[in-house]
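*Asks:* Coordinates for the following, if possible.
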Amino acid sequence: MNSTDRLSAPDGLPVIQAGAHGTPEDGACLMEYVSVLAGSDFNDHPRCTDPTLAAVARYVNDSCTETGRQTLVSFAPTLAATGPAGARGTAAIVLATVRAANQAAGEPRLLRRQLRRAEQRYTRVTGAGPLAALARHLDGMHRLGPAMRRVDLSVAALRALPEQQRDRALHATLAAAIAAAAPLSTTGSSRRIRATEADGEVMPRAATAFGDLHGVPR
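*Replies:* Sure thing, here's the model as predicted:
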């Protein structure tokens, strides 16, 4: 079996294509392929994969060349096993994505600025204290706003690369995002519960600190 055979879709699984699809018979993007592999409902945001990581995978899928897209199936088993990683995971995935894209794209000014902001966000959510807890608590808003913008800009910079460089850079960026997510998504449940409880204890102080920071009267 050659490398092309090994990386192509196995019999019975959909062919990887750009965009969204109604049924597996119509084809599948990478994350829809993951949903089939995981045995979940057919969609491009299966619960088995961290949502930020899934977004990176969707962007990469739609930006690859047709040839490069087919080899994305090699990432599917790992994506299916990389579950929600929380606020720290969001920050780590975005930072890894921007960092890899910035390097591959030749460090353009726009991505250098996004990299600094991603680093600041990572430092904030992995820190201690009330403001760090608040940042983690508001992860959903951040994930749908600034985080997605950074991912979008990063992949757009790679999409502009010459075709012979594009797929390699996109694959490397997705690999970096997966590597950043994996340690956080596989943490023991008891440790995740303790972290959640710790955040819960400081959230009242976080709200007060946030109000003080922004001049909100108590």
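*Asks:* how far does whichever strand or helix holds R149 sit from the chain's center?
*Replies:* Using DSSP states H and E, R149 sits in helix 148-159. Offset of helix 148-159 from its chain centre (Cα atoms, centre = their mean, to the nearest Å): 12 Å.
*Asks:* helices and strands of this structure: which one has the lowest mean pLDDT?
*Replies:* Least confident helix or strand of the chain, by mean pLDDT, DSSP states H and E, is helix 3-7 with a mean of 37.
*Asks:* Mean confidence (pLDDT) on the host helix or strand of P183, please.
*Replies:* Take DSSP H and E as the rule and P183 turns out to sit in helix 163-185. Average pLDDT, helix 163-185: 93.
*Asks:* helices or strands next to it in the packing?
*Replies:* Packed against helix 163-185 by the contact rule (3 or more Cβ pairs under 8 Å, 6 or more residues apart in numbering; DSSP states H and E) you find helix 51-63, helix 66-70, helix 76-80, helix 86-104, helix 148-159. C-beta coordinates here come from the backbone N, C-alpha and C atoms, glycine included.
*Asks:* out of those, nearest to A133?
*Replies:* Smallest distance to A133 across the helices and strands packed on helix 163-185 (Cβ to Cβ): 9.5 Å, for helix 86-104.
*Asks:* check contacts around the residue nearest the centre of the chain.
*Replies:* Nearest residue to the geometric centre of the chain (Cα atoms, centre = their mean): L53, 2.2 Å. Taking Cβ atoms under 8 Å, 6 or more residues apart in numbering, we find L53 in contact with L79, T82, A85, G89, I93, A177, I178, A181.
*Asks:* same thing with R136?
*Replies:* By Cβ under 8 Å, 6+ apart, R136 lies in contact with G86, A87, R88, V125, D199.
*Asks:* now the first one: how far from D139?
*Replies:* Going back to what we said before, that points to G86. The spacing between G86 and D139, counted by Cβ to Cβ, to the nearest Å, is 7 Å.
*Asks:* again, but for the third one
*Replies:* Between R88 and D139 the distance is 9 Å, computed by Cβ to Cβ.
*Asks:* Equivalent analysis for the fourth one, please.
*Replies:* V125 sits 7 Å away from D139, going by Cβ to Cβ.
*Asks:* Can you pull the residues that touch both of the two?
*Replies:* Residues touching both V125 and D139 by Cβ under 8 Å, 6+ apart: A87, T90.
*Asks:* I am finished for the moment; much appreciated.
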